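Asks: Structure of the sequence below:
(one chain, ligands or ions: 2)
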Amino acid sequence: MFGLSRLSLRLGGVSRRHGDRRLIATVVSGNKTARQVKQRLQVQVEQIQSRFSGFRPGLVVLQVGDRDDSNLYISSKLKAAAEIGINAKHIRLPSSSSQDEVLRTVLGLNEDPEVHGLIVQLPLDSDRLMDQDLITNAVSPLKDVDGLSCVNAGRLSRGELRDCFLPCTPQGCMELIAQTGVSVAGKQAVVIGRSKIVGAPMHDLLLWNHATVTVCHSRTRDLPDQVGRAEVLVVGMGRAEMVRGEWIREGAVVIDCGINHVPDDSRPGGKRVVGDVHYASASQRAGFLTPVPGGVGPMTVAMLMQNTVISAQRFLQSQTRT
Ligand code: NAP
Ligand code: L37
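Replies: Ligands and ions are numbered 1, 2, ... in the order given. Next up is the predicted model:
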């Protein structure tokens, strides 16, 4: 049929062939994009500082307990903040803390004028009964740079995107999609996962950027069939390498949020990090693909910094108005 198997297409910035196994997706680097975002923010913070004599955006990361993964993510957030000029503070409450103690800490930070961004690092690592939603909702919507409070999530779900803080991971995914040059408007998008931090806000962002969105979850029948329809695929399920290349529509934009530690005796720590997408096979089908590590993870950190700078700017505007 018209030599289709030898038809050369230009997709993803590279020459590729249909019908053979030599399609190699363009890698969408989160490390590179995050670096660019942080450089831009650093300049903005310098400008704010010179205009408002020494003012610094302030961020607090509140942690309950001592999870190893949270410790790692928090240290990259503190490092990024220091690079940019954000005044970041880490408060760690013991896992024996009561819910009231956590709530009191949040309410105190809500009142602190030097704190412009406040996040509660999830999941909570507590020995006591905790209502996670109650705690994330206690954060003032004006300081909720994780975008997890009902007020911000509600605004996002209604498409009021300018007035809210967007959750960091989905916002980072949108930035990575933008890097590909592919517009999501009118496209078939599939999100795997419906959590409050990844899947649900990802659906909202794609929807209000005019994609037609399907959300899959653990009760979805025939996941490979759904995946095969996606021109844009965002995966946040926490299942190591579950999405196989053979499921993926040729040329699709594939964004992998998964962070999974799998045993690997050849590595010094005896394990390595992989995504929810099987990278080697996916790179033979996708047009664009994010790596793990070095994909969505660094963008999550960069978007937290961006939200904090936006929050500080809004704070300054509210001060100069009065
Ligand atoms: P989560 O709260 O556990 O949610 C997982 C979602 O995936 C749920 O909606 C679940 O469905 C769905 N799911 C699980 N198994 C499935 C299956 N076999 N088929 C279809 N759907 C399935 O996890 P999360 O917090 O959203 O995180 C998801 C992944 O992203 C994890 O690997 C996490 O480490 C990673 N993550 C990365 C970043 C980053 O910055 N890169 C940030 C946050 C999270 P149900 O709703 O039906 O249970
Ligand atoms: N904002 N983010 C916010 N709030 C929360 O409550 N849990 C949570 C959250 N998640 C989060 O911080 N995730 C995260 C995940 C990965 C990285 C950073 C943040 C990251 O930098 N990952 C690296 C390294 C991965 C590894 O070696 O484990 C990466 O390149 O993907």
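Asks: and the stretch 151-300 of the chain, which residues reach ligand 1?
Replies: Neighbours of ligand 1 within the stretch 151-300 of the chain, by Cβ under 6 Å from any ligand atom: 169, 192-195, 197-199, 216-220, 223, 236-239, 257-260, 296-297, 300. (Glycine included, C-beta is placed from N, CA and C.)
Asks: Tell me where the chain has strands.
Replies: Using DSSP state E, the strands of the chain run over residues 8-11, 14-17, 26-27, 58-64, 87-93, 117-120, 188-192, 212-216, 232-235, 253-256, 260-263, 271-274, 288-289.
Asks: Please list only the buried members of the residues of the stretch 151-300 of the chain next to ligand 1.
Replies: The neighbour count (16 or more other Cβ atoms under 10 Å) marks 169, 192-195, 197-199, 216, 223, 236-237, 257-260, 296-297, 300 as buried among those.
Asks: before we move on, the earlier item: ok, and which of the residues of the stretch 151-300 of the chain next to ligand 1 reach ligand 2?
Replies: Applying Cβ under 6 Å from any ligand atom to these, one finds that 259, 297, 300 fall near ligand 2.
Asks: Who are the contact partners of the first one?
Replies: This points to residue 259. Remark: with contacts taken as Cβ atoms under 8 Å, 6 or more residues apart in numbering, residue 259 is in contact with 69, 273, 275, 292, 293, 297.
Asks: Next one: the closest residue to residue 217 other than its chain neighbours from residue 290, what distance?
Replies: With Cβ to Cβ, 6 or more residues apart in numbering as the measure, residue 194 is the residue that lies nearest to residue 217, at 4.9 Å, once sequence neighbours are left out. As defined by Cβ to Cβ, to the nearest Å, residue 194 lies at a distance of 20 Å from residue 290.
Asks: Give me the buried stretch members for stretch 147-167, please.
Replies: Taking 16+ other Cβ under 10 Å as the neighbour-count basis, stretch 147-167 is seen to contain the buried residues 147-149, 151-153, 155-157, 164-167.
Asks: how about those residues in a markdown table, adding pLDDT?
Replies: Compiled in a markdown table, these are given as follows (pLDDT from 0 to 100):
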| residue | pLDDT |
| --- | --- |
| 147 | 98 |
| 148 | 98 |
| 149 | 97 |
| 151 | 97 |
| 152 | 98 |
| 153 | 98 |
| 155 | 97 |
| 156 | 98 |
| 157 | 97 |
| 164 | 92 |
| 165 | 98 |
| 166 | 98 |
| 167 | 98 |
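Asks: Mind checking which of these are in helices?
Replies: Judged by DSSP state H, the subset of the buried residues of stretch 147-167 located in helices is 151, 152, 153, 155, 156, 157.
Asks: of those, closest to residue 60?
Replies: Within those, distances to residue 60 taken as Cβ to Cβ reach their minimum at residue 152, with 17.1 Å.
Asks: Would you agree the closest one is in contact with residue 142?
Replies: No: distance between residue 152 and residue 142: 9.8 Å, which falls outside the contact criterion (Cβ atoms under 8 Å).
Asks: which residue does the stretch 101-250 of the chain bring closest to ligand 2?
Replies: Among the residues of the stretch 101-250 of the chain, residue 122 lies nearest to ligand 2; the distance is 3.4 Å by Cβ to the nearest ligand atom.
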